[in-house]
Structure formats: C-alpha cells, structure tokens
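Asks: turn this into a structure:
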Amino acid sequence: MHRFRQLLNRRLLQQSQCSLPSQCSGLCFPLQQWLPLQRDLSISCPSLYSSNFNSGSGGNRPGGGGDGSNNDGDGRSQGPSAAYNTISDILNVTTKTREEDSWVDKRASNDLSNIDETEDNEKKLSESIDPRPVLNYASGPGGTTKSGVIMGIETSCDDTGVAVVNTEKQILGEALNSQLQIHLNHGGIIPPVAKHLHEQHITRIIKEAMTEAKVTVKDLDAIATTVKPGLSLSLLVGLKHGKQLCVEGNKPFIPIHHMKAHALTCRMLQDIQFPYLVLLISGGHCLLALAKSIDDFEILGTTIDDAPGEAFDKTARRLKLYNLPEGSSLPGGAAIEYYARRGNPEGFKFPTPMYKYRDCNWSFAGLKFIALRHILREERAHGCDGPDVIPTHADVCASFQYAVVAHLCKKIQRGMIYADMKHLIPDNNRVLVVSGGVACNESVKKGLDLVCQEMNYKLICPEKKLCTDNGVMIAWNGVEKYQAGIDLIPPSDLDSIDIEPKSAMGISLHEEIRQMNIKCKRIKMLHLFQPEIPKVASTGTVG
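Replies: Numbering: from 1, shown residues only. Next up, the predicted model:
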C-alpha cells in the first residue's frame with residue numbers, strides 16, 4: 001500500500017501542473033488532496049518554481065497574488081497590511097485554513113479507503129507512469145569534495161530568507177524579507193502573524209534568489225531547509241516549500257539545524273578548521289559550544305532562563321525607547337546600544353549573576369528584573385507616566401549593557417580555560433567564532449575581543465547581515481553536508497522529515513565543568529564602555 005501511494009502521488013504530481021495560468025489561483029487541488037507532503041491548503045502551484053517565472057495573475061487570496069507573494073495582480077508588490085490589516089484578520093484566516101485542511105483530509109481519507117489495495121492495481125499504475133531516475137546519495141560522513149549548487153531556505157522565526165550558494169563558497173543569489181517593523185509595532189513576535197507573513201512572501205523570495213542566481217530548480221543539486229529549532233508555525237512554511245521544490249526537481253532534501261548553521265557560516269568566509277569555540281547569542285539563544293565537525297558539537301554553557309537578546313528587547317520596551325525619535329525604528333537591542341553610547345556605565349548598579357557558580361552557564365532574567373526596578377524608581381522620582389521617557393534612560397542603557405557584556409565574558413573566559421585544561425583546541429587554532437543577532441552589538445564584540453586577547457584567542461565574527469537569520473547560512477550548511485554526504489534525503493523519503501521546535505545542539509559538558517571548580521581572574525573592561533557621545537540634556541517627556 002505504501003508503494004502504491006507513492007506511485008499515485010507521483011502520477012498526480014505530473015497531472016497537477018497548471019494548464020490555465022491565467023485562471024490559476026495558486027491552488028492545485030489534486031496535488032493537495034493526495035500528496036502527503038502538502039500540509040496546508042494554501043500551498044503554491046508547483047509550476048511557480050519552474051524555469052518559467054511568470055506565474056498566473058491575481059488569485060482568490062487576500063492581496064490578489066496567486067503566487068504566494070503579496071502581489072495585487074499587476075506585478076506591484078504591496079506591504080503586508082494590504083492583505084491583513086489587523087491581527088484579528090490573520091487569526092481568522094488561520095481558523096479558516098484549519099477548517100479547510102480538515103475537510104480536505106477527510107475527503108482524501110474517504111477516497112483512499114475506496115481504492116482496491118491489490119498487487120494488480122499497483123502493477124498497472126506502475127506501468128502507466130514514466131520512470132524517474134533513481135537517486136543514490138551517501139548517507140553518512142566520508143563524502144567527497146564534489147561541486148554543486150545548493151539552495152537554502154530559512155523560516156525559523158520572523159525572517160524569510162533564501163539563498164543559492166555553490167561549493168566554491170560563492171553566493172550566487174539571495175533574498176530576504178524581514179518582519180521586524182511589523183513585530184515592533186505589536187510589541188513582539190506573534191507566531192500566527194509570523195507564519196502568514198512567511199506564506200505571503202516566501203514564493204517571491206524564492207523566485208528573487210533564483211532569478212539573481214540565474215538558476216532553475218533543475219540546476220540545483222539539493223535544497224537545504226531549516227527544520228529545527230524555532231517557531232513551529234514558521235518552520236512548517238519553509239519545510240513545505242523545501243519539500244515541494246525537491247519533489248518538483250527530483251532533488252535531495254537536506255534538513256538543517258538553525259544553530260549549527262550559525263556556527264558554521266564563518267567557514268564560508270575564512271579558512272577555519274575544526275575544532276574551534278563558538279558563541280551563539282541572539283534573542284532566543286545563548287550558548288558556548290565546541291565545534292568538532294560539521295555535525296558534532298559539545299555544549300560548554302547555555303542560558304538557564306532568558307537569552308541576552310530577549311533581555312535587551314524587553315528592557316528597551318520598558319524604557320519606552322520607541323517613543324524617542326531615534327529609537328522608534330530600532331529593535332530593542334540596537335536601541336539599547338545606541339543610547340548607551342551617551343550614558344554612564346556606572347550610573348546604576350547591577351549585581352553579578354551566578355557569581356558563586358563556577359560553570360559556563362548564564363542568567364539574564366535577574367539583570368532584566370534589576371533594570372525594571374531602576375526604571376520604576378526613576379519614573380517615580382521624575383514624575384514620568386504614559387509615554388514619558390525617564391531623563392536618565394541613557395545611563396540605564398549603558399549600565400545594563402555593561403552588566404550583560406561582563407556576565408557574558410566571564411563565562412566565556414572560564415570556557416576557554418576549560419578547553420585549555422582538556423586540550424580541546426590546538427595551539428594553532430585558538431579561535432572564538434561569534435554569531436547571532438546580539439553579535440551585531442559593537443560593545444559586545446569589544447568585550448569579547450578583550451577576553452580573546454587575554455586568553456590568546458582570535459575573535460571571528462561574520463558581517464552583520466550574516467549574523468542575523470538569513471538564507472545564506474542555511475545554504476552553506478547544506479553545501480558542507482552535501483560535500484560530506486550527510487543527511488541527503490531523496491524525494492521518496494520526504495515523509496520521514498518533520499520539524500523539531502526544540503532541539504539540542506549537542507551533548508552538555510556543564511556538569512563536568514562545574515565539578516572542576518575553575519577560577520577566573522578578573523578582566524577589567526569598564527574603560528570600553530565610557531560615553532562616546534556627550535550626554536544631551538533631556539526633559540524626560542515626549543512632546
């Protein structure tokens with residue numbers, strides 16, 4: 001029966017190519033009814049990704065674009081608000097889609113139950129289908145340095161990123177759609193909103209990347225897609241389109257771990273050999289790891305509560321920095337960094353988190369709580385309410401940022417000492433790679449660079465656009481796996497691939513490090529955080 005379904009799916013896929021592009025709404029019903037790969041009713045027509053990029057005009061979805069992009073039918077791109085004006089609109093669409101999905105699943109189930117499950121039927125259907133070439137891929141390490149072109153798809157959170165990278169480390173094409181401003185307006189990422197914005201833009205982003213790279217699906221050697229960790233609703237969008245491309249082009253699928261992709265991006269830019277230390281710091285993660293190979297990592301330390309990016313964002317929001325002219329268009333971490341340049345890092349006192357614990361773990365929730373106490377005290381002292389911003393906001397930013405960086409650096413220093421004691425890093429490869437959104441903060445990089453100088457390490461950080469989520473890092477991780485013959489999944493086995501919203505990056509060495517009770521000498525870094533810009537008097541109000 002399983003073989004019979006595979007053959008039937010293949011036949012339906014061949015028959016479902018859109019013959020009426022001028023009337024196509026972006027929905028191929030036979031494909032949705034039967035193909036197990038398609039989980040959402042709102043999938044795009046497979047013909048969208050073929051060599052002909054001119055898909056059908058206006059559809060029956062909000063915004064009119066039948067190709068999954070926010071297009072009004074005449075080729076003009078509109079903002080997300082053109083399709084979904086409110087969060088309620090998006091949530092209503094989510095409910096409607098679920099109801100439609102349930103109806104499709106029920107009808108497909110009833111039709112399948114009427115099929116005669118006999119070997120004769122299977123044989124007849126098999127004879128009526130043109131055979132496809134059998135794909136043979138290595139299933140484990142030990143691959144070659146074969147050349148190839150890999151597409152990467154990233155939708156783990158709120159950025160829709162696609163890129164095409166070859167094995168010569170060349171970025172052939174890339175495209176990115178950021179949801180930043182929309183989520184800033186709503187005070188944070190709302191998963192259903194993020195999902196629908198991914199669905200609105202992913203088809204356009206894929207086509208832009210392929211057009212810039214001057215390739216079609218047939219020219220690709222594999223499609224790499226983020227499947228873990230991340231927001232489940234967002235991950236499903238990328239997974240669906242990645243599988244769809246693999247089926248259409250008869251290409252292997254490469255599942256990608258989001259954090260490992262961040263850790264390996266530097267190898268595309270520089271000649272960095274394993275093993276090396278890597279620090280990943282963002283709004284959702286904070287971990288120090290030992291990168292031993294493409295797919296082998298050991299975790300020295302991680303956050304036990306909030307990530308540093310989350311602490312920055314929530315503190316900035318509580319300070320109401322979005323009510324200031326310069327802070328209205330900046331994400332929380334960038335706003336903290338901007339105003340910290342004008343403030344005194346000793347203006348407010350912050351404790352040292354976990355100073356009694358001689359391990360490599362972090363805690364940022366306590367620093368966030370102390371920042372809140374300082375803000376409340378200042379608001380009462382200056383009579384600030386409503387949209388008013390305290391006049392000492394720059395000092396709070398500078399003091400908070402200094403506390404976060406000092407906490408980060410202390411634990412990294414201990415991790416380096418541990419690596420030396422265990423001889424984990426060769427003397428000729430003492431490298432600390434830093435990536436993630438918080439790695440864009442110049443003050444953070446200054447603190448890390450000081451620690452690296454003290455410990456005789458070299459700090460390596462990709463450019464800002466490669467520190468944040470993007471399709472390039474996914475494509476490059478796909479390149480490395482493709483060359484090593486790791487996780488190359490043929491189209492016939494795509495049903496075995498699913499998302500993992502939570503996924504460990506590797507085994508933890510936390511307990512071993514804690515038991516070693518490693519002491520660290522203090523590295524003075526306060527001088528790095530002195531005001532770069534003279535403080536400007538503030539009335540503490542927004543007029």
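
Asks: pLDDT weak spots in the stretch 51-200 of the chain?
Replies: 51-145 (pLDDT under 70).

Asks: if we use 50, what do you get?
Replies: The stretch 51-200 of the chain contains residues with pLDDT under 50 at 51-87, 90-91, 93-143.

Asks: again with the chain
Replies: Along the chain, segments meeting pLDDT under 50 span 1-2, 4-5, 7-9, 11-87, 90-91, 93-143, 536-543.

Asks: in it, where's the longest helix?
Replies: As assigned by DSSP state H, the longest helix anywhere in the chain is helix 393-421.

Asks: buried ones in the following helix or strand past that helix?
Replies: Downstream of helix 393-421, the first helix or strand assigned by DSSP states H and E is strand 431-435. Of all the residues in strand 431-435, those buried under the rule 16 or more other C-beta atoms under 10 Å are 431-435. Backbone N, C-alpha and C define where each C-beta goes, glycine included.

Asks: what packs against the following helix or strand past strand 431-435?
Replies: The helix or strand immediately downstream of strand 431-435 is helix 442-455, counting by DSSP H and E. Packing partners of helix 442-455 (3 or more C-beta pairs under 8 Å, 6 or more residues apart in numbering; DSSP states H and E): helix 332-340, helix 393-421, strand 431-435, strand 458-460.

Asks: any chance of the ones you listed in CSV, plus distance to Asn250?
Replies: Formatted as CSV, these follow (distance: least, C-beta to C-beta, whole Å):
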stretch, distance to Asn250
helix 332-340, 43
helix 393-421, 44
strand 431-435, 33
strand 458-460, 38
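
Asks: which one of the ones you listed lies closest to His374?
Replies: helix 393-421 (5.8 Å; C-beta to C-beta).

Asks: helix 442-455 and that closest one, what's the angle between them?
Replies: If you take axes from the mean of the first three to the mean of the last three C-alpha atoms, to 10 degrees, helix 393-421 sits at 30 degrees to helix 442-455.

Asks: burial count for the closest residue to Gly447 other than its chain neighbours?
Replies: Leaving aside its sequence neighbours, Gly447 sits nearest to Val405 (C-beta to C-beta, 6 or more residues apart in numbering; 4.1 Å). A count of nearby residues for Val405, using other C-beta atoms under 10 Å, gives 25.

Asks: against Arg430, how distant is Val405?
Replies: 21 Å (C-beta to C-beta, to the nearest Å).

Asks: Asp306 now?
Replies: Where Arg430 is concerned, Asp306 sits at a distance of 30 Å (C-beta to C-beta).

Asks: between the two, which is the more surrounded one?
Replies: Ranked by neighbour count (other C-beta under 10 Å), Asp306 and Arg430 place Asp306 first, with 22 against 17.

Asks: the more buried one contacts Ala365, doesn't it?
Replies: Yes - with contacts counted by C-beta atoms under 8 Å, Asp306 reaches Ala365, the gap being 4.7 Å.

Asks: ok, Asp296 - contacts?
Replies: Contact analysis of Asp296 by C-beta atoms under 8 Å, 6 or more residues apart in numbering lists Gly506.

Asks: please apply the same query to Asp306.
Replies: 363-365, 368.

Asks: try it again at 10 Å.
Replies: The contact partners of Asp306, taken as C-beta atoms under 10 Å, 6 or more residues apart in numbering, are 283-284, 286, 312-314, 362-369.

Asks: okay, the residues you listed in TSV with neighbour count and secondary structure next?
Replies: TSV is the format used below for these (neighbours: other C-beta atoms under 10 Å; DSSP: H, G, I helix; E, B strand; the rest coil):
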residue	neighbour count	secondary structure
Gly283	25	coil
Gly284	20	coil
Cys286	28	strand
Phe312	30	helix
Asp313	25	helix
Lys314	20	helix
Trp362	27	strand
Ser363	17	coil
Phe364	25	coil
Ala365	16	helix
Gly366	18	helix
Leu367	23	helix
Lys368	21	helix
Phe369	12	helix
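
Asks: what about the residue nearest to Leu180 when sequence neighbours are not counted, neighbour count?
Replies: Of all residues not flanking Leu180 in the chain, Pro331 sits nearest, at 6.2 Å (C-beta to C-beta, 6+ apart). By other C-beta under 10 Å, 21 other residues sit near Pro331.

Asks: for Pro331, give its distance to Phe312.
Replies: From Pro331 over to Phe312 (counting by C-beta to C-beta), the distance is 8 Å.

Asks: so what sits against both of the two?
Replies: 283, 437.

Asks: would Ile513 count as being in a helix?
Replies: Yes - checked against DSSP: H, G, I helix; E, B strand; the rest coil, Ile513 lies within a helix.

Asks: tell me which residues touch it, please.
Replies: 300-301, 358-361, 411, 414-415, 417-418, 421-422.

Asks: same thing but at 8 Å, please
Replies: Here Ile513 is in contact with 300-301, 358-360, 414-415, 418 (C-beta under 8 Å, 6+ apart).

Asks: so which of those wins on neighbours?
Replies: Neighbour max across these (other C-beta under 10 Å) = Leu300, 29 neighbours.

Asks: how much space between the nearest residue to Val149 once chain neighbours are set aside and Ser156?
Replies: Nearest non-adjacent residue to Val149, counting by C-beta to C-beta, 6+ apart: Asn166, 4.9 Å away. Taking C-beta to C-beta as the measure, Asn166 falls 23 Å from Ser156.

Asks: just want to know which of those two has more residues nearby.
Replies: The residue with more neighbours, out of Asn166 and Ser156, is Ser156; 28 against 17, by other C-beta under 10 Å.
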